[in-house]
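In: Quick one, fold the following:
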Amino acid sequence: MSKTIAKQYFETRAAAQRCKPRSERKTKLEERLANLMLRQLRIECKKRRAA
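Out: Sure, this is the predicted structure:
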């Protein structure tokens with residue numbers, strides 16, 4: 001079973017906090033956080049429209 005978006009977000013955020021401030025890895029993790037947030041928003045909007 002795949003991880004929920006919330007769990008992925010939490011793990012990615014924790015990893016980003018452990019990185020050095022201006023590292024390339026931190027930048028990529030922050031991009032992933034933004035993508036996870038957008039995906040969650042799309043799911044919520046889809047549910048609202050269906051209701």
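
In: For the longest helix along the chain, which helices and strands make contact with it?
Out: Across the chain, the longest stretch assigned as helix under DSSP state H is helix 24-50. Applying 3 or more Cβ pairs under 8 Å, 6 or more residues apart in numbering; DSSP states H and E, we find helix 24-50 packed against helix 5-18. (Glycine included, C-beta is placed from N, CA and C.)

In: List the buried residues for the helix it packs on?
Out: Buried positions in helix 5-18, judged by neighbour count with 16 or more other Cβ atoms under 10 Å: Q8, Y9, T12, A16.

In: do the same with stretch 27-41
Out: Going by 16+ other Cβ under 10 Å, stretch 27-41 has these buried residues: L29, R32, L33, L36.

In: Does the first one touch A15 like I think?
Out: Yes: counting by Cβ atoms under 8 Å, A15 is a contact partner of L29 at 5.6 Å.

In: before we move on, back to that, mind putting the buried residues of helix 5-18 into CSV with pLDDT and distance to C45?
Out: Putting those into CSV (pLDDT from 0 to 100; distance: Cβ to Cβ, whole Å) gives the following:
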residue, pLDDT, distance to C45
Q8, 95, 19
Y9, 95, 17
T12, 96, 22
A16, 96, 26
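
In: Among those residues, which pair sits farthest apart?
Out: The span of the buried residues of helix 5-18, defined through Cβ to Cβ, is set by Q8 and A16 at 12.3 Å.

In: residues in contact with the closest residue to A6 other than its chain neighbours?
Out: In this structure, A6 finds its nearest non-sequential neighbour in Q40, 7.8 Å apart by Cβ to Cβ, 6 or more residues apart in numbering. Q40 is in contact with I5, A6, Y9, counting by Cβ atoms under 8 Å, 6 or more residues apart in numbering.

In: roughly how far apart are the closest residue to the first one other than its chain neighbours and Q8?
Out: What sits nearest to I5 in space, not counting adjacent residues and going by Cβ to Cβ, 6+ apart, is Q40, at 5.0 Å. To Q8, Q40 is 10 Å away according to Cβ to Cβ, to the nearest Å.
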